[in-house]
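Q: curious how this folds, go ahead:
(2 chains)
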There are 2 protein chains.
Amino acid sequence: MAEIPESKESLSVSLQQVISLLEKHKLVEALLHKQAMPKQDLVESILHKQNLYELQKKLDVLHSADIASILEALPLEQRLDVWELVKADRDGDILLEVSDAVRQTLIADMNSDELLAAAEQLDTDELADLAPDLPKDVLQDLLDNLDTHNRARLQSALSYSEDAVGAIMDFDIITIREDITLEVALRYMRRLGSLPDHTDKLFVVDRDNILRGVLPLKRLVVSDLDASVADVMSEDAVTFHPEDIADEAAKAFERYDLVTVPVVDENNKLVGRVTVDAVMDYIRNVTESDLLSMAGLREEEDFFASIWKSVQNRWAWLALNLMTALVASRVIGLFEGSIEKIVALAALMPIVAGIGGNSGNQTTTMIVRGLALGQVASHNMKALITKELGVALLNGLVWGGVLAVVAYALYGNYQLGLVMMAAMTLNLLLAALMGVMIPLTMIRFGRDPAVGSSVLITAVTDSGGFFIFLGLATVFLL
Amino acid sequence: MAEIPESKESLSVSLQQVISLLEKHKLVEALLHKQAMPKQDLVESILHKQNLYELQKKLDVLHSADIASILEALPLEQRLDVWELVKADRDGDILLEVSDAVRQTLIADMNSDELLAAAEQLDTDELADLAPDLPKDVLQDLLDNLDTHNRARLQSALSYSEDAVGAIMDFDIITIREDITLEVALRYMRRLGSLPDHTDKLFVVDRDNILRGVLPLKRLVVSDLDASVADVMSEDAVTFHPEDIADEAAKAFERYDLVTVPVVDENNKLVGRVTVDAVMDYIRNVTESDLLSMAGLREEEDFFASIWKSVQNRWAWLALNLMTALVASRVIGLFEGSIEKIVALAALMPIVAGIGGNSGNQTTTMIVRGLALGQVASHNMKALITKELGVALLNGLVWGGVLAVVAYALYGNYQLGLVMMAAMTLNLLLAALMGVMIPLTMIRFGRDPAVGSSVLITAVTDSGGFFIFLGLATVFLL
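A: All right, here's what the predicted structure looks like:
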C-alpha cells in the first residue's frame, strides 16, 4: 500500500484500515462524525517541519479520494502545505477528486511544468474534466503532446455540454469480435493482463467498430468455453449516444441497475462507455448544486473563500430578493392610510403573507417532484389543481379560523378576525394556484423549476398576501 | 422479451427499444421530457375493454421498473386497472420498485393470497423491504412458509434500522475457497450456470465462512488458470458491518468507486453484500426525503392522494410556521404606537426581515454543506464566524445603503434611511451568527441540520428584524 498502485482497485483500502490508521492520530472522528476537528489538529501539529516526513508517509498510504477530502477540509494556507507534500505522480488523480473551487486554489499554486506533468498521468476523459480549469498555455502544450487519436478524443469530449452523456463517458473499453469462442476471448484477456476499472462486460464489435452486443463477464465465466461470443452475448443492451441528456442516462442506470453502458454514435459505432461511478458523481454534483442554487449560492464557493468572493457569490440572489421585497413594500405603501387607522393590520399582515409562502412552497415541491417522476400530465392538470385548491381551502378555513380567534382575542374586533380568515383563505388559494403554475411555466421555458420557483412563489404570496389582507380590511373595516 | 426472464440482466431492454415501443403510441414525450401526458392518453384510450388485451401485451414486454413508473404516474383508479393487468408473477418485483405511498395503494387492492404469492417470488432481502407494508397476518404466513435459514435472515434484516448497512444488504453471494486454482473456480462457476446481478467479485471464505479476501471477476479472467485463488485475490478489500451507518457506506462507494462490498460480522464472518444499485436507491431516497422535508412534506404523500390526506401531511409544518409568524406578529404589536406615528415603518419592516431570512439561509446552506464535507471544525469556527460576519457587514452596508436611499426618496426622511441601513446591517449580522449556530446546535443534538434549520433561521430573522428595525425607529425617530 505504500507504493502508488497502478489501478484504483488495489487502492481501495479497507475502511477499517483507514480508520485504524487515522485512529492512531485521533482522526477517527473526522471520518465517522463528519467533524473534521481532530484531523486539523493533527495536520497542524505535524505541519511543523520536524514532522513533515511523518505526515508525508501518512499521505502516501491514503487513497487519492481521502487526500482530496483532507484538502477540502483545510483552510487555504495549510491546504497548500499539504499539497506540497503529496507525491507529484498523484497530483492528477487528486485534482480530479477535489471540488471545482478547491481545484482552482491548487492549480493556482502549480507552475506550468507541474501542471503538465500532472495532466500527463490522466486518461483522455479525465483530462476533459480537468481542462476547463487549466491555464490556456498549459492546455495548448497538452494538446500538442497528445497523439492525433487522443487529441481528437479530447477535443470531442470538450465539445459536449456538461449535461450530455459525452461529458461523463470514458474510453476504457475492451472490445472483442463475435465470431470467436469464449476460450479465445479468455486467452485474449489473459494476454491483456488487466482490465479497466468497472469492466463488468466486454463490448462486442465488428470490423468497423459497430456495436453488435455486450458480453457480461458474469456470463462469460459460467458459459461453455466452446460457445461463440455471438451465442452468449446479449444483443439488446442499453446504449446511449454522446448527445443524450446525462440526466436521462442517470435515470436509466438507476432504473435498470446498470454498471457500465456502451456509448455509440448515430451509426451504432462504439465511441466510449459510461460507468456507474461517473453517474454517481454526476448525480451528486447535480443534487448539490440544486441545493445550493435554492439558496442562491453557486457551487464554486470554496468554504474558505475570502469575504469579498463570498459577497460576490451571494450578491445576485440578495438583490433579486430585495427587489421583490421592495415591490411588497410598495403594496403596503398603498394602504398606509388604512394602517394609520387600524394599526393592528401592520402586526397581522406578515402572518397572512408568510403562511401563503410556506403553503405555496409545499405545493411547488410536490409539483417539482411530480414532474421529475413524470406524474404531472395535462390530463391530470384539472384534478391536480382541484386537489391543491381543496387543500388550500381547507387549510385556509382551519388556520384562518384559528387566526380569526387569535385576532379577536388580541384586538377584540370580530370583523378584523373575519377579514383575517378571508385573507388567509384567499392567499392560500393564490399560493396553491401559483405553486402549480410557476414550476409548470418554468418547465415550459426550459428552466429548472427546482431552482427559481421558490423566490417567485414567495414574491407572489408576499405582495398578494399584503394586497388581499389590506385591501379587504380597507373595504370592510373602514 | 415477451417471457418473464429469470434475471434482471435480460430484462434491461435497450432504452431505444422501449422508446421506439412507446413512440408508436406517442409516448416518447413521457420518457424524454418528463411529461407523462401522452402516456396517460394512451392508457386511458386503451383501458376500454376491447383494448385491454393490447395493453397487457405492451405491459408484458416492459421492465418492472418501467411498469412501476407508469403506475406512479396514474391516478388511483386507473392505477388499479393497470395493476390488474400486470402478470401476477411480476407483482413482487414491481411492488419493490414503486414508492412507499404507491405501494400502499397497490397492496390495499390485493387479497392475502395474492400478496403471499407476490412475496414468495422475492429474495429474503427484498422481502425485508416489503415487509413493513404487508398486513400482519400475511407477514406471519410468510414467516411460517420460510425455512429456518431464510426466516432467521429475514428477521435479522428486519431488525436493522433503516439507516444501517444491514437494511440495504442482500444475500446473493457466491463464495469460493482460497486453496483451489482459478481453473477449478471457473469450473465451479460453470456448474452454477449463472451468477447474481452485480457480481463483480467472488468472496473468498474459509470453512467457517470467515472472509479471507475477494476475487474480482476482471482479475479472474486475466489471470493464469494454474494460479490459486489465494495468489490472485485481494486481501485488503473494503468491508462493512451490518450495523455500520448506511450513509458512511454510501460515501465509501462514491469515494472508492465500488460495485459490491462484502458485509461481515464482528468475527469477520461473511453475512451478505451491498451492491451499488442498492446504494444509489438509498442515496436517491435520502436526498428526496430531505428535499421534501425542507418544505415540510413527508415522503409518503402520494401525488394523487386525497385532499384530506394531503392536509394531514402538510399540517404540522404550517402550524409550526403559524406559531413563529404569531411570535413575529406580537413583536410588531409591541411597537404599534411607533407605527401609528410613522406609518412608513409598516411598509419598510418586511424588507429588513425578509433579506435577513434570505441571507441567513445562504449561510446555513454553506454550513450544512461544510458539515457534510467535514470542513466545519472547532479549529475553523473563529475564522468561519468572522468570515460570515464580514460578509453580513458588507452586504448590510451596501444593500442597507441602497435601501436608505430608496427610503429617503420615498419618504423624504434621511433619518428613516439611516435607521433602515442600521437595522438591515444588524439583522444581517444576526442572520449570519444564527446561520452558523443553528445547524451546529442541531448537529450537537443529533438532528439533521438540512431539514429544520430553515424554519428556525427565518423565525429568528423575522422576529429579530422587526424588533431591531422598530426598536431603532422608536429610539431615534420618535
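Q: so who does A:Val398 touch?
A: Under the criterion of CB atoms under 8 Å, 6 or more residues apart in numbering or on different chains, A:Val398 has no neighbours. Bear in mind the C-beta positions are built from the backbone N, C-alpha and C, glycine included.
Q: ok, it to A:Arg191 distance?
A: Going from A:Val398 to A:Arg191 by CB to CB, to the nearest Å gives 74 Å.
Q: extract the CA atoms of stretch A:382-396 and return them as CSV.
A: C-alpha atoms of stretch A:382-396 as CSV (Å, rounded to 0.1, in the frame of the first residue of the first chain):
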residue,chain,number,x,y,z
LYS,A,382,-57.6,19.6,-13.6
ALA,A,383,-57.6,17.0,-10.9
LEU,A,384,-54.2,18.4,-9.6
ILE,A,385,-55.3,22.0,-9.4
THR,A,386,-58.6,21.0,-7.9
LYS,A,387,-56.8,19.0,-5.2
GLU,A,388,-54.3,21.7,-4.4
LEU,A,389,-57.1,24.3,-4.3
GLY,A,390,-59.1,22.0,-2.0
VAL,A,391,-56.1,21.6,0.4
ALA,A,392,-55.7,25.4,0.4
LEU,A,393,-59.4,26.0,1.1
LEU,A,394,-59.4,23.6,4.0
ASN,A,395,-56.2,24.9,5.4
GLY,A,396,-57.3,28.5,4.9
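Q: buried ones in that stretch?
A: By 16 or more other CB atoms under 10 Å in any protein chain shown, the buried positions in stretch A:382-396 come out as A:Leu384, A:Ile385, A:Lys387, A:Glu388, A:Leu389, A:Gly390, A:Val391, A:Ala392, A:Leu393, A:Leu394, A:Asn395, A:Gly396.
Q: ok, the residue lying closest to the third one once chain neighbours are set aside - contacts?
A: Nearest residue to A:Lys387, sequence neighbours excluded (CB to CB, 6 or more residues apart in numbering or on different chains): B:Ile307, at 5.7 Å. Applying CB under 8 Å, 6+ apart, we find B:Ile307 in contact with A:Lys387, A:Gly390, A:Val391, A:Leu394.
Q: which of the buried residues of stretch A:382-396 fall in helices?
A: Using DSSP state H, the subset of these located in helices is A:Leu384, A:Ile385, A:Lys387, A:Glu388, A:Leu389, A:Gly390, A:Val391, A:Ala392, A:Leu393, A:Leu394, A:Asn395, A:Gly396.
Q: against B:Leu127, how distant is the nearest residue to the fifth one once chain neighbours are set aside?
A: Pointing back at A:Leu389 there. Spatial nearest neighbour of A:Leu389, chain neighbours left out: A:Ala432 (5.3 Å); criterion: CB to CB, 6+ apart. From A:Ala432 across to B:Leu127, the span is 40 Å (CB to CB).
Q: who touches A:Tyr188 in this structure?
A: A:Ile176, A:Ile180.
Q: so what does it have for phi and psi?
A: Torsion angles at A:Tyr188 (phi, psi; degrees, to the nearest 10) stand at phi -60, psi -40.
Q: and the pLDDT at the residue nearest to A:Leu389?
A: pLDDT, A:Ala432: 96.
Q: re earlier: reformat the contacts of B:Ile307 as a markdown table; add distance to A:Leu320.
A: As requested, the contacts of B:Ile307 are exported to a markdown table (distance: CB to CB, whole Å):
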| residue | distance to A:Leu320 |
| --- | --- |
| A:Lys387 | 31 |
| A:Gly390 | 32 |
| A:Val391 | 28 |
| A:Leu394 | 32 |
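Q: quick one, strands of the stretch 101-250 of chain A?
A: Assigned by DSSP state E, counting those that start in this stretch, the stretch 101-250 of chain A shows strands spanning A:175-176, A:201-205, A:211-216.
Q: B:Asp462 is nearest to which of those strands?
A: strand A:201-205 (56.3 Å; CB to CB).
Q: which ones are touching A:Lys136?
A: With CB under 8 Å, 6+ apart as the criterion, no residue contacts A:Lys136.
Q: look up phi and psi at A:Ser161.
A: Dihedral pair for A:Ser161: phi -70, psi 160, per degrees, to the nearest 10.
Q: got phi/psi on A:Glu178?
A: When read as degrees, to the nearest 10, the backbone of A:Glu178 gives phi -80, psi -20.
Q: hmm, it is touching A:Leu202, no?
A: No. In this structure, A:Glu178 is not within contact of A:Leu202 by CB atoms under 8 Å, at 10.7 Å.
Q: tell me which of those two has more neighbours.
A: The residue with more neighbours, out of A:Glu178 and A:Leu202, is A:Leu202; 23 against 17, by other CB atoms under 10 Å in any protein chain shown.
Q: thought A:Gly356 was touching A:Gly435, still the case?
A: No. Counting by CB under 8 Å, A:Gly435 sits too far from A:Gly356 to count as a contact (9.8 Å).
Q: of these two, which one has the most company?
A: A:Gly356 (33 against 29).
Q: can you tell me how far the more buried one sits from B:Asn380?
A: To B:Asn380, A:Gly356 is 39 Å away according to CB to CB.
Q: can you list the weak-confidence ranges in the stretch 151-300 of chain A?
A: Filtered on pLDDT under 70, the stretch 151-300 of chain A yields the residue ranges A:299.
Q: need phi/psi at A:Phe303.
A: The phi and psi values for A:Phe303, taken as degrees, to the nearest 10, are phi -60, psi -30.
Q: looks like it contacts B:Ala372 (just checking).
A: No. Contact between A:Phe303 and B:Ala372 fails when scored by CB under 8 Å: they sit 10.8 Å apart.
Q: who's more crowded, the two?
A: Legend: neighbour count by other CB under 10 Å for A:Phe303 and B:Ala372, higher for A:Phe303 (22 against 16).
Q: local confidence estimate at that one?
A: A:Phe303 is assigned 78 on the pLDDT scale.
Q: who are the contact partners of it?
A: Going by CB under 8 Å, 6+ apart, A:Phe303 touches A:Glu72, A:Ala101, B:Met366, B:Arg369, B:Gly370, B:Leu373, B:Gln375.
Q: and what of A:Glu235?
A: Neighbouring residues of A:Glu235 by CB under 8 Å, 6+ apart: A:Arg212, A:Gly213.
Q: domain assignment for chain A?
A: Domain assignment for chain A by automatic domain parsing gives A:8-162, A:175-275, A:307-477.
Q: of these, which is nearest B:Lys218?
A: Here domain A:175-275 is closest among these (CB to CB), at 4.1 Å.
Q: what about A:Leu322, how many neighbours?
A: Close neighbours of A:Leu322, defined as other CB under 10 Å, add up to 20.
Q: do the same with A:Leu143
A: Residues near A:Leu143, counting by other CB under 10 Å, number 15.
Q: so it touches A:Leu154, yeah?
A: Yes. Using CB under 8 Å, A:Leu143 makes contact with A:Leu154 at a distance of 6.9 Å.
Q: burial measure for A:Asp89, as a count.
A: A:Asp89: 12 neighbours (other CB under 10 Å).
Q: and it, how close does it get to A:Asp133?
A: Here the criterion is CB to CB. By it, A:Asp89 lies 20 Å from A:Asp133.
Q: how far does the helix or strand hosting A:Lys57 sit from the chain's center?
A: Using DSSP states H and E, A:Lys57 maps to helix A:49-61. The chain centre lies 34 Å from the centre of helix A:49-61; the measure is CA atoms, centre = their mean, to the nearest Å.
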